[in-house]
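Q: Sharing a model prediction with you, sequence too.
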Amino acid sequence: MEHFITRKDDKLLDGQDEFRFVSINIPNLHVNEDPLPDWHRIDPWEIEDAFKTIRLMGGQVTRMYTFSIKGGIRPGENGKAHIYGPGQFDEELFRDLDKVIQLANQYNIRLIIPFIDQWDWFGGIKHFAGLRGKPASGFWTDPEIIQDFKDLITFVINRTNTYTGIPYKDDKAIMAWETGNELDDCTDSWTANISSFIRSLDPNHLIIDGKYGVAEASLVNPDIDIVSNHYYVDRGHDIIGRVTSDILRSRGRKPFIIGEFNHEDSNLVKEVLDTAAAEGAAGALLWSLRYHNKNGGFYYHGSINEPNNPCFNWPGFASRSATGEMEKLQSLRDAAYRIRKSRVPETEVPEAPVLLPIHTPEEISWKGAAGAESYILERSQREEGPWSIVADKIMEDSVPFQPYNDVPPIQGIYYYRMMASNSVGVSIPSNVVKTEYVASVRQ
C-alpha cells in the first residue's frame, strides 16, 4: 500500500484518487465469536480465506467488530477476551490482530477498527465500566473510566505489530479508527474528547464517529473525519429514505459511509447499494460475512432458515434461499465494482482445497477454497492413480458442517484427492491423503 486513506471535504482519497467502496463486515475477523465445540483462536489460514473472499467480492475494505471484554457473551464463554481489567490485555489475541493487519497489507485490504460496543455481544460499555465496579452510565462521564478507555486506545494505537515491526499508528492497512459500535448514549462532549485524544496519538489515520446515527456535532467536529449510520428495521422501515437523508446531510461536509445494513428483501439490499453509489456515499458495508473454518466448512451465525438472518458465506448457496444469500452477494459484487467505475471481472477458477487427515473414509473433511461452489472427490488404491470420481457435487453448506461419507467397495488402503469447482472451471487437485478402510459392524 502506497498511501494512507485521507479525506478532503466529503471525499475519501487514496493518494490523489477518490476512494469509494462497497464491501462487507467480518465481525469475527480477529476473534472467533461463534460458539463451536472446537472453539479456537483465529487461524492465519482462516484470515487469509477471509481476505481472499473479500477480493473475490470486489471489496477493498472490511470492518471488524470491537475488542472483546471479560464478561461479554462471546467469546468470554470460552475464557478468552482482549480486555480482562484496566490495563490487562490478552497478548495472544492481540497477536492474532497483528496477523490480521499483516495479511491485510498482503491482500491490499483496508481495515476499519472500532474500539468498544454499546451492546453485550463481545462485552460493551457495561462490562468495561464493570471492570471498576461501576454502572454503564459512568462510561461517558466517570474520569477514572474515561482514563481507562484512553489507556486502551493508547495501548492499541501505539502497539508494534509482532510480525511486521510496524506500529499500528504507522500502518497503512488501517483505514480508520471508530470510536465504537452503535454508541446510542454517547454525548457530543465524550465524542469530542475521545476523537481529540485519538488524533493526538495518531495523525495518520481517519476517525469515524461510532455514534448510532449522524450527529450534527460530528459534522462540525474537526477531529471526526467520517460519519456513518447502520440500517435495520428496528430503527425504521424506510431504509432508503433514511440512507438518502443521511447522505444529503453529510454532503459537502464529511464523507458518509453505511457502516452496517441488511434486510430480508434482496431487492431492497440492491436498492441500498444503488442509492449509496448514485448519491455519493463514500462506502457501504453489508452485515456480515463468515469465512471458512480450518476444520472444515464455514463459520455460521444463526439459522439458515431465518429470512432476516444477516450471515453470509461466499459465493452463496441455493440452500440459503430463505436469506437471499446468492442474490444479495451478487448485488454486492456488482456494486463493489460499479462504485469505483470498474468493469466487473470474470469469475476466477478456485484454488485447490486442502484435504485434512482422514481417519476413516466415512468422515472426509477439507479446508474449503474461497469461491468454490462445490467439490469433486476422487479415490484410488495407489498414490499415483489412476483416479476414479467418488462424487462430483459435494457441498459444504450444511450447518453445522457435515464431513463427506464414502464407503469404498472393499476393505483396504485408499488414497483421496479433491478439486474445487465453480461455474467457470475446476481447480488443480488437492494434496493426496492416505487412509485405511475397515468396514463397520453395521455394514
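A: Great, that's in hand.
Q: what residues are up against the nearest residue to residue 55 once chain neighbours are set aside?
A: Leaving aside its chain neighbours, residue 55 sits nearest to residue 107 (6.1 Å; criterion: CB to CB, 6 or more residues apart in numbering). Placement of C-beta: from N, CA and C, glycine included. Residues near residue 107 by CB atoms under 8 Å, 6 or more residues apart in numbering: 48, 51-52, 54-55.
Q: For those residues, pick the one with the most neighbours.
A: Neighbour tally across these (other CB atoms under 10 Å): the maximum, 26 neighbours, falls on residue 54.
Q: For residue 104, see how far away that residue is.
A: Here the distance between residue 54 and residue 104 works out to 9 Å (CB to CB, to the nearest Å).
Q: Just the buried residues of the helix or strand harbouring residue 105, please?
A: Assigned by DSSP states H and E, residue 105 belongs to helix 91-107. By neighbour count with 16 or more other CB atoms under 10 Å, helix 91-107 contains the buried residues 93-94, 96-105.
Q: The helix or strand following that helix vs helix 91-107, what angle?
A: Next along the chain after helix 91-107, taking DSSP H and E as the criterion, comes strand 110-114. Computed by axes from the mean of the first three to the mean of the last three CA atoms, to 10 degrees, the angle separating strand 110-114 from helix 91-107 equals 150 degrees.
Q: Contacts for strand 110-114, please.
A: Under CB under 8 Å, 6+ apart, the answer for strand 110-114 is 5, 21, 60-66, 100-101, 104, 156, 173-181, 208, 210, 259, 285.
Q: in its sheet, what does that strand sit against?
A: Here strand 110-114 is paired, per DSSP bridges, with strand 61-63 (parallel), strand 174-178 (parallel).
Q: Columns mean pLDDT and distance to residue 366 on top of those strands, output as a markdown table?
A: Output for these, formatted as a markdown table (pLDDT from 0 to 100; distance: least, CB to CB, whole Å):
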| stretch | mean pLDDT | distance to residue 366 |
| --- | --- | --- |
| strand 61-63 | 99 | 25 |
| strand 174-178 | 99 | 33 |
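Q: before we move on, back to that, now find how far off-centre the helix holding residue 105 is within its chain.
A: Centroid displacement of helix 91-107 relative to its chain, using CA atoms, centre = their mean, to the nearest Å, is 13 Å.
Q: same thing with stretch 228-239?
A: The answer for stretch 228-239 is 20 Å, by CA atoms, centre = their mean.
Q: Same question for stretch 59-75.
A: Per CA atoms, centre = their mean, the centroid offset for stretch 59-75 relative to its chain is 9 Å.
Q: first to last residue in stretch 360-371, what's the distance?
A: From its first residue to its last, stretch 360-371 covers 27 Å (CA to CA, to the nearest Å).
Q: Show me what the mean pLDDT comes to for that stretch.
A: Mean pLDDT, computed over stretch 360-371, is 98.
Q: Could you pull out the strands in the stretch 201-350 of the chain for me?
A: For the stretch 201-350 of the chain, applying DSSP state E, counting those that start in this stretch gives strands covering 206-208, 227-231, 256-261, 283-286.
Q: Mean neighbour count, these: which tops it?
A: Mean neighbour count (mean count of other CB atoms under 10 Å) peaks for strand 283-286 among the strands of the stretch 201-350 of the chain, with a mean of 27.
Q: Now it - C-alpha only, PDB.
A: The C-alpha atoms that make up strand 283-286 are tabulated as PDB, following Å, rounded to 0.1, in the frame of the first residue of the first chain:
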ATOM      1  CA  GLY A 283     -18.800   3.500   1.100                       C
ATOM      2  CA  ALA A 284     -21.200   0.800   2.200                       C
ATOM      3  CA  LEU A 285     -20.700  -2.400   4.200                       C
ATOM      4  CA  LEU A 286     -23.200  -5.200   4.300                       C
END
